[in-house]
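[1] let's see this in three dimensions:
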Amino acid sequence: MTEVTVLVTSFIGSLLLLALIIRLTRHFEVLAHPKARSSHVTATPTMGGLAIVLPLIALLSALALGDGADGVMLRLLVAVAVLALLGFVDDLKGLGATVRLVCQAACVALVLDGLQLP
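    Residues are numbered from 1 along each chain as shown. As a prediction, the model looks like this:
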């Protein structure tokens, strides 16, 4: 599969997922309502990041499990999946800044450790 094919497939997959996610978040009323610090004035669907990260996770899974895969790709896959889950939970319930920062730092450390930098 060429890089262009992967890019186009991911883009189309993201567009289709985005349309589905917007429809589902409106149906189930998973919306961000305007607050004093909000940049929007009407209720806005959340979870749009899933449309970007799910094709990315699929691609990373194929690379991490494919021929010649190394540990770095698997670490990247785990980090992206954890960050996606973190964003999903934050959109649903709201997480504190400390929890988000600790999880993000752990994901960065996991990937950097696998790079074996000098």
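
[2] could you use CA atoms for every contact and neighbour count after this?
    OK.

[3] name the helices or strands packed onto the helix ranked longest in the chain?
    When the chain is parsed with DSSP state H, its longest helix is helix 3-27. The contact analysis (3 or more C-alpha pairs under 8 Å, 6 or more residues apart in numbering; DSSP states H and E) places helix 3-27 against strand 44-45, helix 49-65.

[4] now do the first one: everything it contacts.
    Strand 44-45 is contacted from outside by 22, 25-26, 29-33, using C-alpha atoms under 8 Å, 6 or more residues apart in numbering.

[5] list the contacts for L74?
    Per C-alpha under 8 Å, 6+ apart, neighbours of L74: 60-61, 64-65.

[6] how close does it sit to L60?
    From L74 over to L60 the distance is 8 Å, taken as C-alpha to C-alpha, to the nearest Å.

[7] also G49?
    For G49, the distance to L60 - C-alpha to C-alpha - is 16 Å.

[8] of the two, who's got more company?
    More crowded of G49 and L60, by other C-alpha atoms under 10 Å: L60, with 20 against 15.

[9] tell me how many other residues crowd the closest residue to P55 other than its chain neighbours.
    Closest residue to P55 apart from its sequence neighbours, by C-alpha to C-alpha, 6 or more residues apart in numbering: S10 at 5.7 Å. Per other C-alpha under 10 Å, the neighbour tally for S10 reads 20.

[10] so what touches the helix or strand following the longest helix of the chain?
    As assigned by DSSP states H and E, the chain's next helix or strand after helix 3-27 is strand 31-32. Strand 31-32 has contacts (C-alpha under 8 Å, 6+ apart) with 25, 43-46.
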